[in-house]
Structure formats: structure tokens, C-alpha cells
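# Return atomic coordinates for the entry below.
(chains A and B)
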Amino acid sequence: MRNGEIAEAFEELASLYELDGAVVYRVVAYRNAAKAIRESGVSVEEMARQGRADELAGVGKTIAEKIGALLDDGSIPAADKLKGRIPSGLIEVTRIPGLGPKRARLLHEQLGIESLDDLRAAAEDGRLEGVQGFGAKAAENVRAALAAGADGSDKPRLLLSKALEVGEALVGALREHPAALRVELAGSARRWADSCKDLDIVCAASDPAALVAAFTELPEIDQVGSSGEAGARAVTHSGLPVDLRIVPAESFGNLLQHFTGSGKHNEALRTDAVKRGLHVSEYGVADDESGESHAFETEEEVYAKVGLAYIEPELRENRGELKAARDGKLPELIRLEDIRGDLHSHTTLSDGRNSMREMAEAARDRGYEYLAITDHSATHGFGDDVPPDELRKQIERVAALNEELDGITLLAGTETNILPEGKLDYEDELLEQLDWVVASVHTSFQMGEQKMTDRMVAAIGHPLVDVIGHPTGRLIGRREPYALNVDRVIEAAAEAGTFLEINANPNRRDLPDNYAKAAVEAGVTIAIDSDSHGVDTLVNMRYGVATARRAWLTKANVANTRPWAEVDKLRKTPRKRYQ
DNA sequence: GCCGTTTTCGGCCCGACTGTTTTCAGTCG
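Residues are numbered from 1 along each chain as shown, chains lettered A, B, ... in the order given. Just a heads-up that it's a prediction; the model follows:
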């Protein structure tokens, strides 16, 4: 079973316990365990088989046993038992705004409601008002939510690149307003998560009312829900909810820290602080000893007050960053400026939109020292392939252009398909003449896990494969990863010395952060590549670096923070012509 | 149900808002 599937089972179990009226701490414990399982960079099934599932933070003896039962029998006995009492449709009912587990349970007990359809009927025929705690307003809110299309599914999330497009425009416009003192994007966008469900903007202002008024008039804003001196809630034309908060400048650090999250990070931070007699909220840090509350202008001061080193937003996911901050063991995260070249790009020779020269000049303008031209191989499958003879000519064209270009080195490369049997798309004799070889899967996505993993491991073992491109094949929010044993892929890459890519395309960000972290811990070197198909997407490198930062990576973990000559030496098969 | 530089038992973040209350529970972020 995949980590995601195991996590889902425990999320369901948490909801069932919650509807059954279990103590909230038990429900939270199951939810925390589900999160740890989902985010694990190694196979939890494998850990469980080895009796090590309880090494995950938040998984103890009881949950470890339940994981075992789930793997052995396909279900958790406690969940099966609860399902006898609690209809699964009730979980959807709890996702209607304003309805939670307590009220859903009440509706089940008093009206026999078991599904959204039942809820709709009861809201329409007036039975809802008869339930204790429900008045006319509550019933009306349910009717409105259902009419607005609430269907019991989780809120949709927008890809980070789309959210940032809007968020950066809003922040830029607000910063230009004369009343603005400080304006920062907070929330999941500031943590560079894969996707966002809303935007949070935190401001300090000399004239709050004027700044709020200006915000509601911005061209990106469609509807304004509520607004006042303290901020506004609005929705953009693209349907993204935006929360604007205005705070006093002297407590800007507290608010920014609070609204950057994540919720789990803040919860853990506060629990930790309580042990030191400190109570952290968005307004300040209250000190039991002095009885005073301390407000801070900067986040650095907030973290210092609770005895922690400053934690970068990308790390604030409660994945061990608090302990590392306490022990002074936070990594010095890689920065975008550390990147010295891009090792995966396309031109019009395959499916790119710009010529080799245009790509080279654009890369040089970004300050890169080198750019690998890696057009698709002979069986790419989408047309625009590069047959062997064409690739030979391309090597010559790269050499000729290098003669003309100053300030950047072009590398002759390929993004070769990994064929279903694990072989590559060109003969070794041709691959040997290339400076850089990316190998990726672009066909036969539906293979079983064993075959797909064998296929990948075979490519990793090929002496002339420098890096595996977008190793899991996921498309964020649209396509699950291939059925792949990522543990084995990482192990094979570590053993062979083959690099694994963090593909920086914002739709991919592949390797994902959890796997990239596990890969580096296993000794794998990472390459962060834009996979640009035009000059306009070289900037996507920032999403790859963000994923690397979320994976706790340093400059040293990433190949292309080095000059090209060092990258050549670092890979498993340095090419003779460079020696 | 988990966890341990106060604890192997007794804790387990903080505050705002809403609607229904007659002092607060439930929900949300």
C-alpha cells in the first residue's frame, strides 16, 4: 500500500471516532499519525513490515498495530466496527461550512440523516430548525451552502504558481500605497507549498482604512465579503479567496509568524513554549513569570523569545524543525542565487518554443555559467523527436554556438526516454559523445510497481545516465505518481551515484520535498532543473529551489550549485574529454 | 492515542466568530 492510501484510512478512522464522540485528543492523534504517514519519504508499509512504523513521530504502539492490520487484512477492525454505527456519508456532512462532527452527529441521532441528500431534504422541508441548537439562521446557512454547490468534498487548491501570480501582484500594488508600512504574503504561499487554498496578506499601515479601501479596489479583486479597519476578506476573479489583515507595526512579527503557519507548526511551537511558561498568539508572547505580553516587529524576535533559532517559512511544517531550531541544527538552506546552471532544457529541435541561441542567451542573462540542451529522444511519443543522426548534428551545432557565445557554456545533452524494459533510446556510442544525459519515463505509465521500479533501476544503473528526470511522474493535483517503489529508486541512485532531479516545473516539483529529503539522507545528489521549453520558463527554477528548501537541502546537496567542471567530477562517470 | 530537559501519568495552542444561548458550545483557521 502506498503511504497516501494508508494515510487515507487513518484520516477516515479519525473522522469516524470524531463522529462517535471520542475525546478530541484521540482524534487529533489519528490525524497527526495520518499526516506523518502521508509525508513520509520512505515506504510506511516497508517500515511496518520491519516492525519500525512507530519510529514515525505521532505513531505509537496502537497505531502501529492498526497499520499492520490494515496491511494484512485490507481494513482496520476498529474502523469496520465504527462503520456499523456511523454511516460514511456523515463525513461529507461535516464538510458543509458551519457543520462539524458534533452537529452532524446530532442530525444523525435526531433526524436519521446519513448523507448529503438526507441533509438537503431536511433543510428544505424545515425539519432542521427543529433540532436543538439549530435555529432559522443555521438552517438558512445550510441551504445557502448547498445551493452554492457545497458537495462535501475538500476545498479546491490552486497550483502555487497560479496563486503566486495573483499574490505577488496584490502585494506589489499594496506596497506602492502611501499608507503601507509593511506588506507580506503569508500562509502556504509563503511556505512555497505545492498548492494553496487561499492567500493571506499581512500588513502594517499608517492609515489602515485607506489601505483596506485601496485593496478592495484592486483590479484582481472580484467580490469583497467583509472589510473594516482590521482587514478584509475578498475573492479574486480567478476564484481565489484572499484574507487581508492590518496589524500594528509593533506586533507585525507576531502576526506574520501566526499567519504564515503552518497550523501544525504553530501548534507544536506553542505547546513547546508552554513548557517554558510562555504563551504564543498572534498578538504577542505572554510570559507567566512577568505577567507581561511581548509584541515584536520581526519574526526573528518571536522565535528568539521562545528559545529557538529563526526557522525559514519553507520548514514550518512540524517535520522536526522545532527540535532542530532548539538544538541549533537547522540546515543552511540552498538559495536561488546558489544555482550556477540549468541541466535540463528544450529547444525547437524537439518540443521547445525557442532556438538554442535564444535559450543560451536567456540563461546567460540569468547569470548562469552553463546550460544543458536536452531535447527529447527518438521515441518521445509526442512528435518533434530527435533521431540519432539529428542528435549527432546537434552536438556539432552546440560546439559551433559555443565558439560564438561569450559568458555561458552550452552542454550537448539529451532527455532520453527510459523504454519500458529499462533500456535507453540511443546507442551507448552516441550517448558517450554527449556532455549530459537526462533519462526520464514518458510512456507506459500504467505498468505495475515491480516492473516500473525495475525499469527505473535499470536506467539508474546505466553508466552514462547522469540524472533521472522527474522521477515520480506526478502532476500536482492532476496525476498521481507512477506505481513506483521510491525507496528502491533512492537506494539504487545512492549506490550507483546517479543524480535524481527536482524538476522545477510548478506542475511537477518532482522529486517532491519528502522524497528529496529522503534521497539526500540516503546519500543521493540532487540536480534542480527548470525543464524549460522556452526562455520564459527558465524562471521556474525558483519552484525547484523552493522544493529543495522544503526538503531541508543545502547548497552542497545540489549538483548545479557548482561550476560545470566540478559537476563533471561529481557524477558517477566523468567524461574523459574533460579530464 | 501520543509523549517525556518538570512527567511512564497527566497533560496535550490560541483566539475569533457565530448563533444560540441566558453564560457558552461548536466551528474555524
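# Geometric centre of chain A: which residue is closest?
For chain A, the residue nearest the mean C-alpha position is A:Asp194 (3.2 Å; Cα atoms, centre = their mean).
# gap between that one and A:Arg508?
10 Å (Cβ to Cβ, to the nearest Å). Yep, even glycine has a C-beta here, placed from its N, CA and C like the rest.
# now the residue nearest to the centre of chain A: how far from DNA strand B?
A:Asp194 sits 18 Å away from DNA strand B, going by Cβ to the nearest atom of the strand, to the nearest Å.
# so who does that residue touch?
A:Asp194 makes contact with A:159-160, A:476-477, A:509, A:512 under the criterion Cβ atoms under 8 Å, 6 or more residues apart in numbering.
# quick revisit: overlap in contacts, A:Asp194 and A:Arg508.
By Cβ under 8 Å, 6+ apart, the residues touching both A:Asp194 and A:Arg508 are A:Ile476.
# For chain A, identify the residue most remote from the centre.
Each residue of chain A has a distance to the centre, and by Cα atoms, centre = their mean the biggest one is for A:Gly130: 44.1 Å.
# Buried residues of stretch A:295-309, list them for me.
A:295-297, A:299, A:301-303, A:305-306, A:308 (16 or more other Cβ atoms under 10 Å).
# After the helix or strand harbouring A:Ala9, heading C-terminal, what element do we hit next?
For A:Ala9, the host element (DSSP states H and E) is helix A:3-19. Counting by DSSP H and E, the next helix or strand C-terminal to helix A:3-19 is helix A:24-39.
# and for that next one, what are the contacting residues?
A:3-4, A:6-8, A:10-11, A:13-14, A:17-18, A:44, A:56-59, A:63, A:67, A:264, A:317, A:319, A:514.
# just to revisit the earlier point, would you mind measuring from the residue farthest from the centre of chain A to DNA strand B?
11 Å.
# Then A:Val567?
With Cβ to the nearest atom of the strand as the criterion, A:Val567 and DNA strand B are 40 Å apart.
# Now do the helix or strand bottoming out on mean pLDDT in chain A: which elements does it pack against?
The weakest-scoring helix or strand in chain A, judged by mean pLDDT, DSSP states H and E, is strand A:221-228 (a mean of 88). Under the contact definition 3 or more Cβ pairs under 8 Å, 6 or more residues apart in numbering; DSSP states H and E, strand A:221-228 sits against helix A:208-216, strand A:231-236.
# Could you list the buried residues of the first one?
In terms of neighbour count (16+ other Cβ under 10 Å), helix A:208-216 has its buried residues at A:208, A:211-212, A:214-215.
# residues making contact with that helix?
Helix A:208-216 has contacts (Cβ under 8 Å, 6+ apart) with A:170, A:173-174, A:177-180, A:203, A:205, A:221, A:224, A:227-232, A:234, A:244, A:246.
# could you flag which of these are buried?
A:170, A:173-174, A:177, A:179-180, A:203, A:205, A:221, A:224, A:227, A:231-232, A:234, A:244, A:246.
# Quick check: which of these has the minimum pLDDT.
Lowest in pLDDT among the buried ones among the contacts of helix A:208-216 is A:Ser227, which has 84.
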